[in-house]
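Q: Sequence and computational prediction follow.
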Amino acid sequence: MFDNNYNTDPYTQAATIYVNEYALWSAYVGATDLPEGVNPFVPPTPAEEKSKAWIWITILSVVIVLLLGGLGFAIYKWKASQGATASKRELAYNEDSTRPLANNASDDL
C-alpha cells in the first residue's frame, strides 16, 4: 500500500509491503545467505546433432516435381481433348465440306 503525503514541506512517500499476501507460491524472505545456483537466463548449449534437413529438401523437391509434372500432363490432355472436340465438331456440322447435311433420313434415299 502506498502512502503519499503532499501536505508537508518535504513531500513524503511510504510503502507498506505485505509478503505473500496474495501470492500463489510462497517466496523465501529471510536473512540467510543462499548458495548461488545456475543462471536460469543462459540457455545450455545443445549437443551437436547431424542435420537431417537434406532429407526434407529432397522429399519436398520430389513432391514439387511430381506436382508440376501432373499439372503439365493435365494441360497436355486438356489441349488434346480440345483438338479432338474441334475435329468432331467439323464432322457434325460439316464445316470442311460444301455438301449440305441431310435434314432427315429420307433425304439420303
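A: Good, I have the coordinates.
Q: quick one: the helices in this structure?
A: 53-93 (DSSP state H).
Q: shaky segments in it?
A: In the predicted model, the chain carries pLDDT under 70 at residues 1, 19-21, 23, 27-29, 84-109.
Q: Roughly how far does residue 52 sit from residue 59?
A: To residue 59, residue 52 is 11 Å away according to CB to CB, to the nearest Å. Quick note: C-beta positions are derived from backbone N, CA and C, even for glycine.
Q: Residue 78 now?
A: Taken as CB to CB, the span from residue 78 to residue 59 is 29 Å.
Q: repeat for residue 24
A: For residue 24, the distance to residue 59 - CB to CB - is 46 Å.
Q: tally of neighbours for residue 11?
A: 9 (other CB atoms under 10 Å).
Q: swap in residue 49?
A: The number of residues packed near residue 49 is 6, by other CB under 10 Å.
Q: Run through the residues that contact it.
A: If a contact means CB atoms under 8 Å, 6 or more residues apart in numbering, then residue 49 has no contacts.
Q: And it, its phi and psi?
A: phi -120, psi 160 (degrees, to the nearest 10).
Q: please renumber so the chain begins at 689
A: In the new numbering, first residue 689, that becomes residue 737.
Q: Distance check, it against residue 743.
A: Distance of residue 737 to residue 743, given as CB to CB: 13 Å.
Q: do residue 719 as well
A: Here the criterion is CB to CB. By it, residue 719 lies 58 Å from residue 743.
Q: Name the residue in these two with the higher neighbour count.
A: It is residue 743, of residue 719 and residue 743, that has more neighbours when counted by other CB under 10 Å, with 9 against 4.
Q: Nothing else from me, thank you.
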